Each structure stands twice: as structure tokens, then as C-alpha cells.
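1. Need a 3D model of the sequence below.
(one chain, ligands or ions: 2)
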Amino acid sequence: MTDQPLIVLSGVNKWFGELHVLKDVNLSIGRGEVVVVIGPSGSGKSTLCRAINRLEPINSGEIVFDGTSLPAEGKPLARLRSEVGMVFQSFNLFAHKTILENVMLGPVKVRKEKAAAVRERAMGLLDRVGIAAQAEKYPAQLSGGQQQRAAIARALAMQPKAMLFDEPTSALDPEMVGEVLEVMTTLAGEGMTMVVVTHEMGFARHAANRVVFMADGLLVEEAAPAEFFANPRTDRAKDFLSKIL
Ligand code: ADP
Ligand code: MG
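-> Ligands and ions are numbered 1, 2, ... in the order given. Below is the predicted model:
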């Protein structure tokens, strides 16, 4: 059933103590779909991403990934995590390993794949994100944009079915934002299922199939980007857009 959505969140609630950070979230993400999540700081965007990857347990509701309800622990959880690549604002590369070693680590250590085959795939990925020449360097020797592209290659090395990006360009100097968005745009064009939390409205307009607007833990609006930017329906979305555009 390839028309079955890849990710389905139904009635998802999450509390941090007294704080209700995800409020009855329902969201269905199709295969190959690119969903951009926007909203004010503290609205629950990161928690949503982390919940999809089970980095954050939920209190109620259900998250189904590729037809299977998300396991809470054990081997099924490890497998699920390897099927969902995650890229954070901070690149989280291992400082004492080379870029190539960083990209190879997951498949070799977690998946026990043969190093030679992984090396070839990793070099192919570094080439795809435009940093093959940096393979033997250490993270600190790369620019922020190059490090983030390495982090994307590292996530792709696990051959994920979906990629989650949580503000991947927020920590970058402005001149490096474009090179990272370009890699993400290419990935989207190749049919990768992507959930992208970003303030880059140009990316949302051009690469997203759908924009989801969150505020106060609620999924307030979702629409095609052209429609959302031209005609936000709620006052909250209008207010948010007036501040960032
Ligand atoms: P966003 O990514 O949209 O800025 P977050 O998902 O990071 O929002 O956070 C949503 C709310 O949950 C915020 O009020 C934040 O302070 C709170 N929060 C996030 N993580 C934790 C945590 N580990 N413990 C307690 N509160 C948290
Ligand atoms: Mg966040």
C-alpha cells in the first residue's frame, strides 16, 4: 500500500509537568511529502519532531510510522530510529572523528554493515552534499555550512525513509544558509519524505508541499504554501507572518 501515509499522528498529547506542549495533534504525512512546520518559539515544534523519533515519549495518542505503531523501547525502537534521520540546529558531529568516519559510524556500529561498502556509500553521500574533498578533515576544520551538510550525509547514510530537520540553518552564518537549503531542496526533489522546522520562508514556499502552523502546542493551520502565505486564515498565523516576512 504505497498510498498509505508514512507518518500518522493521532490525538497526540505531551506534557512537561504542568505544561501541555502538544495538544491533541493530528497530522498525516504522505510518502515523498515535504511538510514545513512553522510557528513561534515555544510552540512545540521541536517536541513534535522529537516525538516522531521517540526521542520524547508522548502521554497519549498514537504515532504510526510506515504502518507500525511507534514502539516505546527495545530493538523495534532502534530500528525505527534508524529509519528516521534527524538533523538538528547544532550539528552534533563527533569532534574527534573525521567527516568520513562520522558518516560511516551509524551503518558500521549500529547496523553492523561492512566498512568497505559503507565507505563507498558515505563517499557518494559526501559528494552529493558537495563536501567529498573534506572527507578526511575533522569537524572543526569545516565551516558551519559544511558541517551541517556532513550531518545531513550522516543521517542519509542510514538510508532513512524520512528525514526530520529541526531548524537546520538557525545556527549558521547567513552566507551559509543557502548551501544547506540547496541540499535539502535537492533531497525534497528526489522524493524524500521530510518534516522541516524552519524560519526560512523561501524554502517553505518553494520546497514544501504543505505548511503546518503551530502555536501554543496546537496545530493551528495547515495549507499548501501558496495558499498559506497569501491567505492565512487565523489571526495567529497572520500575526506570526507579519513579524517574520
Ligand atoms: P519550539 O521548538 O516550537 O520552540 P519546543 O518544542 O522546544 O518549542 O518547546 C515547547 C515548550 O515545551 C516550551 O515551553 C519549552 O520551554 C517546553 N519544553 C521543551 N522541552 C522541555 C523539557 N525537556 N522540559 C520541560 N519543558 C520543556
Ligand atoms: Mg525548537
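2. from here on, contacts and neighbour counts on C-alpha atoms
-> OK.
3. If you count neighbours, what's buried in the one helix or strand K23 maps to?
-> For K23, the enclosing helix or strand under DSSP states H and E is strand 19-29. Neighbour counts over strand 19-29 (16 or more other Cα atoms under 10 Å) mark 21-29 as buried.
4. ok, and of these, which contact ligand 1?
-> Among those, the ones lying near ligand 1 by Cα under 6 Å from any ligand atom are V21.
5. and of the buried residues of strand 19-29, the nearest to ligand 1?
-> V21 (5.2 Å; Cα to the nearest ligand atom).
6. ok, and the closest non-adjacent residue to the closest one?
-> Nearest residue to V21, sequence neighbours excluded (Cα to Cα, 6 or more residues apart in numbering): G217, at 4.7 Å.
7. Just confirm that neighbour contacts W15, I think it does.
-> No. Between G217 and W15 there is no contact under Cα atoms under 8 Å: 9.9 Å.
8. Check which helices and strands the strand holding K23 sits against.
-> Under the contact criterion of 3 or more Cα pairs under 8 Å, 6 or more residues apart in numbering; DSSP states H and E, strand 19-29 touches strand 7-16, helix 45-52, strand 218-223.
9. distance between it and the chain's centre?
-> Computed by Cα atoms, centre = their mean, to the nearest Å, the chain-centroid distance of strand 19-29 equals 17 Å.
10. give me the number of residues near G74?
-> 8 (other Cα atoms under 10 Å).
11. So for it, what's the pLDDT?
-> Predicted confidence (pLDDT) for G74: 75.
12. G217 and W15: who's more crowded?
-> G217 (23 against 15).
13. hmm, back to that, reformat the helices and strands packed on strand 19-29 as a markdown table; add distance to G178 and mean pLDDT.
-> A markdown table is the format used below for these (distance: least, Cα to Cα, whole Å; pLDDT from 0 to 100):
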| stretch | distance to G178 | mean pLDDT |
| --- | --- | --- |
| strand 7-16 | 28 | 97 |
| helix 45-52 | 22 | 96 |
| strand 218-223 | 25 | 97 |
